[in-house]
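# My questions concern the predicted model and sequence given below.
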Amino acid sequence: MGSILGSVIVGIILAAIIGGIIWSLWKDKKKGKHSCGGTCGGCPNASSCHPKSHQ
């Protein structure tokens with residue numbers, strides 16, 4: 001019983017950590033922040049991350 005309870009507690013802690021990471025990434029995306037942490041000027045994938053709008 002003790003080992004099962006320990007596994008459940010560890011699972012809940014891991015789920016909370018993963019949920020927090022996903023929530024933080026989602027909030028940053030809504031604010032327009034980049035997940036890579038770099039600048040787009042020298043990035044070869046800038047066009048796929050921020051496609052140019054059609055005018």
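Yep, that arrived. Residues are numbered from 1 along each chain as shown.
# give me the number of residues near Ala46?
By other Cβ atoms under 10 Å, the residues close to Ala46 number 15. Quick note: C-beta positions are derived from backbone N, CA and C, even for glycine.
# again, but for Lys27
Residues contacting Lys27 under the criterion other Cβ under 10 Å number 10.
# Following the helix or strand containing it in sequence, what is the next regular element?
Per DSSP states H and E: Lys27 is located in helix 2-31. Counting by DSSP H and E, the element after helix 2-31 in chain order, helix or strand, is helix 46-49.
# Looking at that following helix now, give me its mean pLDDT.
Averaged over helix 46-49, pLDDT sits at 70.
# how distant is the helix holding Lys27 from the center of its chain?
Chain-centre distance of helix 2-31: 12 Å, with Cα atoms, centre = their mean, to the nearest Å.
# what's the answer for stretch 20-34, then?
Using Cα atoms, centre = their mean, the distance from the centre of stretch 20-34 to the centre of the chain it belongs to is 6 Å.
# mind saving the C-alpha coords of that stretch as PDB?
Taking C-alpha atoms only, stretch 20-34 is exported to PDB below (Å, rounded to 0.1, in the frame of the first residue of the first chain):
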ATOM      1  CA  GLY A  20       2.700  24.200 -15.200                       C
ATOM      2  CA  ILE A  21       5.200  24.100 -18.100                       C
ATOM      3  CA  ILE A  22       2.400  23.800 -20.700                       C
ATOM      4  CA  TRP A  23       0.400  26.600 -19.000                       C
ATOM      5  CA  SER A  24       3.500  28.900 -19.000                       C
ATOM      6  CA  LEU A  25       4.200  28.100 -22.700                       C
ATOM      7  CA  TRP A  26       0.600  28.900 -23.600                       C
ATOM      8  CA  LYS A  27       0.600  32.200 -21.700                       C
ATOM      9  CA  ASP A  28       3.900  33.200 -23.400                       C
ATOM     10  CA  LYS A  29       2.500  32.400 -26.800                       C
ATOM     11  CA  LYS A  30      -0.600  34.600 -26.100                       C
ATOM     12  CA  LYS A  31       1.800  37.400 -25.200                       C
ATOM     13  CA  GLY A  32       3.700  37.000 -28.400                       C
ATOM     14  CA  LYS A  33       6.900  35.700 -26.800                       C
ATOM     15  CA  HIS A  34       9.100  33.200 -28.700                       C
END
